[in-house]
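>>> Prediction below, plus the sequence it came from.
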Amino acid sequence: MGLALAFESSCDETGVALVENGRRVIAAPLFSQIALHRPYGGIVPEYASRAHLEKFTSLLEQIQAEHALKPGDLDYVAVTTRPGLIGALLVGYQTARAAARYFGAPLIGVHHLEAHLAAIRLNGAELPYPALGLLLSGGNSAIYRLHAPGEITVIGDTLDDAAGEALDKAAQLIGLGYPGGPLIEKCAARFCERRGISRGNEAMPEAENMFPMILKSLRRDKVEFSFSGIKTALARYVAGQRQDLDADAVAFFYQERIVEHIARNVAHALEMHAGLPLIAAGGVLANQRLRQALETVSRKAGISLHVPDFAYCTDNAAMVAAAAQLYFENGIASPYVTVDANNGFLKA
């Protein structure tokens, strides 16, 4: 079967999870550091590491209070080893090592991005190898080809910033706060209500959009993301508006450009790798408008789309167990045995 205790601490979420068979979540207490970092408008690495160090013990105590695990009960312990903030990763890794030693279980290192994609297993789906994997978060925006557990190649990456970072930065420029993604989406939805249109109405006049199309001419042999230009365009627009800024309208058109850019790249990738199903994961996939656009692209391409439940889109420990189970049940040694800030994939 595979009973696992998993740890996640790659960035600003402290998570521990008890998961059976990489699919059934028994317990998954999580501590979010959003309030801790909000005054700074972004994540402070040192504060993140300290919070992980302080919170892992209480999260483990929550699980032990309800399930009373003892040595010999676990089949393995799983932990995120890359990529992420190096200090934060080390806290989780050392905690997981101690747990593995106490419970007498092997330790399986997990790549954070593979864990995001494996999160679809937590809502009853399976990773349909081969497949395309779209990963959109605060630090990553890329499309991968999934060959097998641990065998993943990059099809296209970002040239500069990530989608999640672009949304966070936009919220700061508009004066909405942190974290930005949910706030941008909320304002965009309010604009739709004001105008009496459905979210992401494709019939919206192109001339109305106050921002230029991102990478208007995509290279046919490449899949490339870029979000620095749209951030610059937003900064200039906000500076020119002074007191007349319509935050809802700005949020709507800014979000539309980002969604459009992602959807065009995904459509291009699906043309280049015809027939492969698509897995879309990462914190940005909590955005309903983006999900809607990806559903449209997938339907036009005639392929299936798999997206994790909202609860497992952002960083969590259950997805770490879901990925580790792939190695455990297939008898594969994970190549991610050491901590590394680099997000490169290795072959098992």
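That came through, no problem.

>>> CA atoms for contacts and neighbours, from now on please.
Noted.

>>> all strands of the chain, in order?
Secondary structure of the chain, counting by DSSP state E: strands at 3-8, 13-20, 24-27, 30-32, 76-82, 107-111, 131-136, 141-148, 151-158, 223-225, 278-281, 305-306.

>>> any idea of the mean pLDDT for the fifth one?
This points to strand 76-82. Throughout strand 76-82, pLDDT has a mean value of 97.

>>> now for it, which elements pack on it?
Judged by 3 or more CA pairs under 8 Å, 6 or more residues apart in numbering; DSSP states H and E, strand 76-82 is in contact with strand 3-8, helix 86-103, strand 107-111, helix 112-118, helix 318-330.

>>> CA atoms of the shortest one as CSV?
These are the backbone C-alpha positions of strand 107-111, laid out as CSV (Å, rounded to 0.1, in the frame of the first residue of the first chain):
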residue,chain,number,x,y,z
LEU,A,107,13.5,8.6,3.2
ILE,A,108,12.3,9.6,-0.4
GLY,A,109,13.3,13.0,-1.7
VAL,A,110,10.9,14.7,-4.0
HIS,A,111,11.1,17.4,-6.7
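
>>> in its sheet, what does that strand sit against?
Strand 107-111 has the following strand partners under DSSP bridges: strand 76-82 (parallel).

>>> Determine the angle, from 0 to 180 degrees, between the strand it pairs with and helix 318-330.
120 degrees (axes from the mean of the first three to the mean of the last three CA atoms, to 10 degrees).

>>> For the stretch 151-300 of the chain, which residues score under the pLDDT cut-off?
199-208, 218-220, 242 (pLDDT under 70).

>>> Mind doing that once more with 80?
Counting by pLDDT under 80, the stretch 151-300 of the chain shows low-confidence ranges at 197-209, 216-221, 242-243.

>>> got a markdown table for the helices and strands packed on strand 76-82, with mean pLDDT and mean neighbour count too?
Below are the helices and strands packed on strand 76-82 laid out as a markdown table (pLDDT from 0 to 100; neighbours: other CA atoms under 10 Å):
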| stretch | mean pLDDT | mean neighbour count |
| --- | --- | --- |
| strand 3-8 | 98 | 30 |
| helix 86-103 | 97 | 20 |
| strand 107-111 | 97 | 28 |
| helix 112-118 | 95 | 27 |
| helix 318-330 | 97 | 27 |
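
>>> residues contacting the closest residue to residue 268 other than its chain neighbours?
Spatial nearest neighbour of residue 268, excluding adjacent residues (CA to CA, 6 or more residues apart in numbering): residue 223 at 7.1 Å. Neighbouring residues of residue 223 by CA atoms under 8 Å, 6 or more residues apart in numbering: 143, 155, 156, 157, 265, 268, 269.

>>> How about residue 156?
Going by CA under 8 Å, 6+ apart, residue 156 touches 142, 143, 144, 222, 223, 224, 225.

>>> And residue 314, by the same measure?
Residue 314 neighbours (CA under 8 Å, 6+ apart): 282, 283, 284, 286.

>>> Good, wrapping up.
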